[in-house]
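Trainee: My questions concern the predicted model and sequence given below.
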Amino acid sequence: MDYGYVNARIKGMKSHLLDARDLDDLTNKPDLDALIGALETTAYREELQKAGIEYCGIARIEVALRRDLIRTLRKVLNLFRGEREDIYIRLLLNRWDVQNIKTILRGKKIYAPPDEVIDCLLPAGELDEAALIELLQQPDVRAIIDLLATWRIEYARPLTRHLQEFLEMRDLAVLEFALDRFYYENALSVLGKNGDYDEQIVREMITTEIDVANIRTALRIIRDMTHMEDAEKYLIAGGRDLSIEQLTSLVSSGSIEEAIRQIRGTPYEFLAQVPAECIAAEKISVIERELERFLIEKGCGNFLKDPLSIAIPVAFIWAKQNEVTNIRIIARSIIGDVPETELRKALTYV
């Protein structure tokens, strides 16, 4: 793999990312027109102009951001096409397949209009936009799973195994967790335990994601007072720093406050800095935001690792995703008239 060439291209793409000063400038915009005007001086200009033909306001921004992110991630993947390391990039991008299938299933369960659901999808993985649209056109959850099976899409396997349980419980979390477990277990089986430096970089991110997913699950189990025998089946083995035994102990603690206390001494002890009133009120969304910030910072931290390795593309994927998220937050905050100080707290600077 010629990382000298590939990472030079990636670094060229990185040079177009917005820095902290650029983001702060966007937070000062008084309305969406001013925000769009500022974004048209950035790498988002082309997609904003295309989107402007059909959309206006927040929809124009959302569509442009979505299309730009898809195009950028595809560009990264194309740099690896035909190379052995292609599998590592695909593993990271396939996270969006899982998220897209979840989004389609949720939309179908609540009878959401397909046009609304499609705007929430990001065809950056194996399932392209045409495939996602066809899935959206299916009449119900079973038909979606059947179509995935007909296409021999690997995610049909866990969904099919748990379909009857879903039909009996009518709880979409059954299918969503089955997807998550399958994705992470498959990723770990591909990566192995004693791979080369590139494998170690990707494995570290995947296993950290497992930790974060497990912490989220444990906190929700505590909040919802799920029975312990049911709780353990929703935890995923293979996390980087937290074993199943540790996670079971968190769930058994009985309160979110005690669970966070038990996390001290691990890389996740920063959760103790979450305001006490949020923890007491069991505001899991606040805790989840800090976990997501941790993941983003860890992903982008790969820019500081070996410049002739997969670390640079991995870091760029996380940085680009974070930038799009930040711009979305800014746009929605302008609509909601969120105070600038609060808006900046919601952003993740890397």
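Mentor: That came through, no problem.

Trainee: Can you report how many residues lie near Ile110?
Mentor: 9 (other Cβ atoms under 10 Å). Just so you know, the C-beta spots here come from the backbone N, C-alpha and C atoms, and that holds for glycine as well.

Trainee: ok, now how distant is it from Ala276?
Mentor: Taking Cβ to Cβ, to the nearest Å as the measure, Ile110 falls 35 Å from Ala276.

Trainee: do the same with Thr348
Mentor: On the measure of Cβ to Cβ, Thr348 and Ala276 end up 23 Å apart.

Trainee: again with Lys75
Mentor: From Lys75 to Ala276 the distance is 45 Å (Cβ to Cβ).

Trainee: Please apply the same query to Leu132.
Mentor: Relative to Ala276, and taking Cβ to Cβ, Leu132 is found at 42 Å.

Trainee: More neighbours: which of those two?
Mentor: Leu132 (21 against 10).

Trainee: wait, what's in contact with that one?
Mentor: Applying Cβ atoms under 8 Å, 6 or more residues apart in numbering, we find Leu132 in contact with 100, 104, 118, 121, 123.

Trainee: Look at it and tell me its secondary structure.
Mentor: Recorded secondary structure, Leu132: helix (DSSP: H, G, I helix; E, B strand; the rest coil).

Trainee: list the contacts for the residue nearest to it when sequence neighbours are not counted?
Mentor: Using Cβ to Cβ, 6 or more residues apart in numbering and skipping residues adjacent in sequence, the residue nearest Leu132 is Leu121, 5.2 Å away. For Leu121, the residues meeting the contact criterion (Cβ under 8 Å, 6+ apart) are 100, 103-104, 129, 132.

Trainee: In TSV: those residues, plus secondary structure and distance to Thr217.
Mentor: Rendered in TSV, the data for the contacts of Leu121 read as follows (DSSP: H, G, I helix; E, B strand; the rest coil; distance: Cβ to Cβ, whole Å):
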residue	secondary structure	distance to Thr217
Asn100	helix	21
Thr103	helix	19
Ile104	helix	22
Glu129	helix	31
Leu132	helix	26
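
Trainee: Buried ones among these?
Mentor: Taking 16 or more other Cβ atoms under 10 Å as the criterion, what is buried in those is 100, 103-104, 132.

Trainee: Quick one: mean pLDDT for stretch 192-203?
Mentor: Averaging pLDDT along stretch 192-203 yields 88.

Trainee: in it, what counts as buried?
Mentor: So, applying 16+ other Cβ under 10 Å, buried residues of stretch 192-203: 198-199, 201-203.

Trainee: hmm, which two among the buried ones among the contacts of Leu121 are most spread apart?
Mentor: Thr103 and Leu132 (9.0 Å; Cβ to Cβ).

Trainee: where's the nearest residue to Ser255 once chain neighbours are set aside, which helix or strand?
Mentor: Spatial nearest neighbour of Ser255, chain neighbours left out: Ile222 (6.6 Å); criterion: Cβ to Cβ, 6+ apart. Using DSSP states H and E, the element containing Ile222 is helix 197-224.

Trainee: do the same with Glu292
Mentor: helix 284-300.

Trainee: What are the contacting residues of that helix?
Mentor: 205, 208-209, 212, 215-216, 219-220, 223, 256, 260, 267-268, 270-271, 273-275, 278-279, 314-315, 317-319, 321-322, 346, 348, 350.

Trainee: Which entries within those meet the buried criterion?
Mentor: Buried by 16+ other Cβ under 10 Å: 205, 208-209, 212, 215, 219-220, 256, 260, 268, 271, 274, 279, 314-315, 317-319, 321-322, 348, 350, out of the contacts of helix 284-300.

Trainee: While we're on the residue nearest to Leu132, how confident is the model there?
Mentor: Leu121 is assigned 90 on the pLDDT scale.

Trainee: cool, the one 3 residues further on as well?
Mentor: Reading off the confidence values, Ala124 has pLDDT 90.

Trainee: now it, what's its secondary structure?
Mentor: Following three-state DSSP, Ala124 is assigned to coil.

Trainee: quick one: contacts for it?
Mentor: Ala124 neighbours (Cβ under 8 Å, 6+ apart): 69-70, 73-74, 93, 96.
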